[in-house]
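**Q** dropping a prediction and its sequence here:
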Amino acid sequence: MTLPETAASPAGADRTFQVDLRGLVDLLSHHLYSSPRVYLRELLQNAVDALTARRALQPDAPADAFGIRLHADGSVVRVEDDGVGLTEADVHAFLATIGRSSKRADRIAEQRGDFIGQFGIGLLSCFLVADEIHVVSRSARTPDAPAVEWRGRGDGSYTVRVLPASARPRPGTTVTLTPRPDAGEWTRPAQVRSLAGHFGSLLRHPVTFDDGTGGPGSAVNPEPAPWARTYPTPGARSRALAAYGEEVFGFTPLDTIELDLPAVGLKGIACVLPEAVPAGRRHGHRVHVRGMLLSEQAEEILPEWAFFVRCVVDAESLRPTASRESLYEDDTLTAVRDALAERLRDWIARAAAGDPDLLARFLQAHHLAAKSLAVHDDEILRMLLPWLPFETTGGHATLDEFARTHRTVLVTSSVEEFRQVAAIASAAGLGVVNGGYTYDRELVHRLPEIRPEVNVADLDPATLTAHLDPVDRETELAAAAYLARARDALAVFDCDVALRTFQPASAPALLIDSREARHERTRSQLAREQEGGLWGDILGALRQEAPRAQLILNQLNPLVRTAVAIDEPELARTSAEALYGQAALLSRRPLRPSESSLINRSFLDLLAHALRKDS
């Protein structure tokens with residue numbers, strides 16, 4: 001495909017690269033194309049581009065005058081089109097030069113955007129399944145042009161010869177492949193038919209397939225895209241689009257959203273998933289370019305927050321990458337992504353305004369996606385915040401419902417903090433929302449923008465303890481010895497101990513210990529261990545008074561009333577450790593190794609004490 005350097009080449013003369021075609025084909029198969037099956041897509045693409053150029057030459061021809069015919073009988077695969085064809089000069093210029101495309105010719109350079117392929121290497125993909133490519137073509141630009149035959153082989157050699165006009169009476173091109181024995185998986189008649197439907201179901205030119213059995217050929221794309229058809233009623237259109245979405249994606253959509261961006265010639269649908277998806281998981285979307293399937297996993301067509309839909313679209317102006325299996329990231333793609341995001345916002349707005357049942361089903365499945373959008377979109381925030389579900393001390397409820405009974409809303413910074421205080425706060429009449437989940441804390445703090453009469457504040461442990469009733473002086477003095485032993489036993493955890501009364505009485509103790517407090521104590525401990533070193537200097541510069549955890553014992557609980565009356569020092573210490581361990585378990589936060597050890601030891605000590613007492 002290039003001329004080799006000769007021995008007579010003078011020093012300093014321009015020389016040409018040497019191309020190992022087999023090495024290049026191996027490079028394509030392992031690094032550019034995802035599978036050998038793309039050979040059929042490339043052949044279809046070349047045929048479509050040839051038809052596009054033919055249509056430019058004869059714009060008044062009937063819509064079905066030009067088409068594509070596929071043939072596969074197990075021994076050959078053949079693709080024939082009625083396109084613009086090639087002259088002998090075109091064959092030498094475009095089929096025998098790697099990287100040059102007929103779409104780059106000056107005469108049609110201004111129409112380049114009308115073509116799918118723009119890289120001039122598509123024909124090489126046929127070497128993934130065959131050792132020889134046979135092309136017969138006749139140009140429509142020159143009416144009396146002869147037919148031309150080109151044979152390219154995998155070793156890099158090729159031949160060209162001119163044929164009589166009778167060898168191909170009509171303009172167009174026929175590409176024939178004789179598959180290698182190891183390529184049967186991709187060239188069997190049934191597989192060729194399946195690949196043609198997979199890649200070409202939305203092509204705008206008629207495509208037929210013949211399996212060589214003598215029967216009539218079957219239409220690969222018998223109908224236009226579902227959004228391009230006419231329907232008797234809007235309901236019939238909606239049902240047809242939903243049925244198409246189910247056929248393509250394998251699920252019944254919660255709803256379908258029509259997508260139409262005339263500026264880039266994009267049409268299609270977005271199918272709302274009926275069930276929630278894991279946070280951050282993004283589904284690929286099915287993208288066609290001028291009818292040809294480009295990718296089934298095009299994540300880049302929508303923003304990250306739109307993981308509640310899967311799209312199938314066909315566009316005119318999106319730019320494929322060299323492999324034509326994904327989209328090139330450019331300004332056009334950015335504009336399309338923003339415009340499609342706006343269509344999804346419009347759908348949410350319509351549901352919020354006119355279809356509360358649909359909105360409720362959507363939020364039940366996709367509240368995380370909706371929260372993600374509301375955080376960054378003020379309009380969606382105003383529409384959806386009253387509807388979004390949150391975990392509260394009153395159970396799962398919307399903020400709108402919760403704010404009706406709590407004019408002051410407290411929000412925790414973590415899930416574990418909420419679990420520590422939920423039961424006590426509920427009994428004390430405090431309205432607390434779990435702010436530990438993604439987006440929740442930020443959204444709760446924005447509630448006053450929607451309901452100005454509501455106050456929102458972060459939950460402070462002091463706020464909660466202020467709602468716990470102190471015990472009388474006599475009770476406090478009677479328990480003083482026990483509390484002193486308990487504080488000594490729990491000093492290793494930087495934990496203070498207090499006696500209060502609170503509901504529910506079934507709760508013996510409450511452990512108030514924030515994640516930030518634990519981190520600060522860990523940092524202080526590291527500073528003490530690294531005293532005098534570089535790390536010690538750094539951590540010491542950040543040193544603050546480390547906040548202490550608080551174990552609050554409930555005087556209303558019978559077990560606690562019994563415990564504070566214990567006068568045996570070791571048993572008092574063990575009971576305090578057991579109460580701490582039980583409170584830590586109820587908080588459902590990760591336990592430190594020392595806490596796990598304490599829980600095991602205190603249980604065994606109490607068990608041993610009970611057995612000794614019984615004996």
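**A** On my side now, so go ahead. Since the structure is predicted, the reported quantities are computational estimates derived from the model, not experimental observations.
**Q** quick one, phi psi at residue 257?
**A** Main-chain torsions, residue 257, degrees, to the nearest 10: phi -120, psi 120.
**Q** one more: residue 367?
**A** Dihedral angles phi and psi of residue 367 (degrees, to the nearest 10) take the values phi -60, psi -30.
**Q** tell me the contacts of it?
**A** If a contact means C-beta atoms under 8 Å, 6 or more residues apart in numbering, then residue 367 has 388, 389 as its contacts. The C-beta positions use only the backbone N, C-alpha and C, and glycine is treated the same way.
**Q** which other residues reach the helix or strand containing residue 402?
**A** Assigning secondary structure by DSSP states H and E places residue 402 in helix 399-405. Contact with helix 399-405 is made by 385-388, 390, 392, 394, 409, 431, 433, 443-444, 447, 451, 454, as judged by C-beta under 8 Å, 6+ apart.
**Q** can you check stretch 161-180 too?
**A** By C-beta under 8 Å, 6+ apart, the residues outside stretch 161-180 that reach it are 39, 43, 46-47, 50, 54, 75-86, 88, 123, 126, 129-140, 144, 146-149, 186-187.
**Q** picking up where we left off before, I'd like the average pLDDT over the helix holding residue 402.
**A** What helix 399-405 shows for mean pLDDT is 88.
**Q** other SSEs contacting whichever helix or strand comes after it?
**A** Downstream of helix 399-405, the next assigned helix or strand under DSSP H and E is strand 408-411. Secondary-structure packing of strand 408-411 (3 or more C-beta pairs under 8 Å, 6 or more residues apart in numbering; DSSP states H and E): helix 399-405, strand 432-433, helix 440-445, strand 455-458.
**Q** out of those, the one nearest residue 232 is which?
**A** Nearest to residue 232, of all the helices and strands packed on strand 408-411, is helix 399-405, at 40.7 Å by C-beta to C-beta.
**Q** just checking, residue 226 touches residue 238?
**A** No: here residue 226 does not reach residue 238: they are 10.9 Å apart, not a contact under C-beta atoms under 8 Å.
**Q** picking up where we left off before, show the buried residues in the contacts of helix 399-405.
**A** When the contacts of helix 399-405 are checked for burial by 16 or more other C-beta atoms under 10 Å, the buried set is 385, 387-388, 390, 392, 394, 409, 431, 433, 443-444, 447, 451, 454.
**Q** okay if I get the residues you listed as JSON lines plus distance to residue 292 and pLDDT?
**A** Formatted as JSON lines, the buried ones among the contacts of helix 399-405 follow (distance: C-beta to C-beta, whole Å; pLDDT from 0 to 100):
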{"residue": "385", "distance to residue 292": "43", "pLDDT": "84"}
{"residue": "387", "distance to residue 292": "41", "pLDDT": "84"}
{"residue": "388", "distance to residue 292": "41", "pLDDT": "87"}
{"residue": "390", "distance to residue 292": "46", "pLDDT": "92"}
{"residue": "392", "distance to residue 292": "51", "pLDDT": "94"}
{"residue": "394", "distance to residue 292": "55", "pLDDT": "89"}
{"residue": "409", "distance to residue 292": "54", "pLDDT": "92"}
{"residue": "431", "distance to residue 292": "57", "pLDDT": "92"}
{"residue": "433", "distance to residue 292": "50", "pLDDT": "94"}
{"residue": "443", "distance to residue 292": "42", "pLDDT": "92"}
{"residue": "444", "distance to residue 292": "48", "pLDDT": "93"}
{"residue": "447", "distance to residue 292": "49", "pLDDT": "90"}
{"residue": "451", "distance to residue 292": "51", "pLDDT": "88"}
{"residue": "454", "distance to residue 292": "54", "pLDDT": "92"}
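**Q** these: which two are farthest apart?
**A** 387 and 431 (18.4 Å).
**Q** that older thread, who has more neighbours out of residue 226 and residue 238?
**A** residue 226 (22 against 14; other C-beta atoms under 10 Å).
**Q** just the pLDDT at the more buried one, thanks.
**A** 95.
**Q** any idea how far residue 308 is from the closest residue to it other than its chain neighbours?
**A** Closest residue to residue 226 apart from its sequence neighbours, by C-beta to C-beta, 6 or more residues apart in numbering: residue 244 at 4.4 Å. Using C-beta to C-beta, to the nearest Å, one obtains 19 Å as the distance from residue 244 to residue 308.
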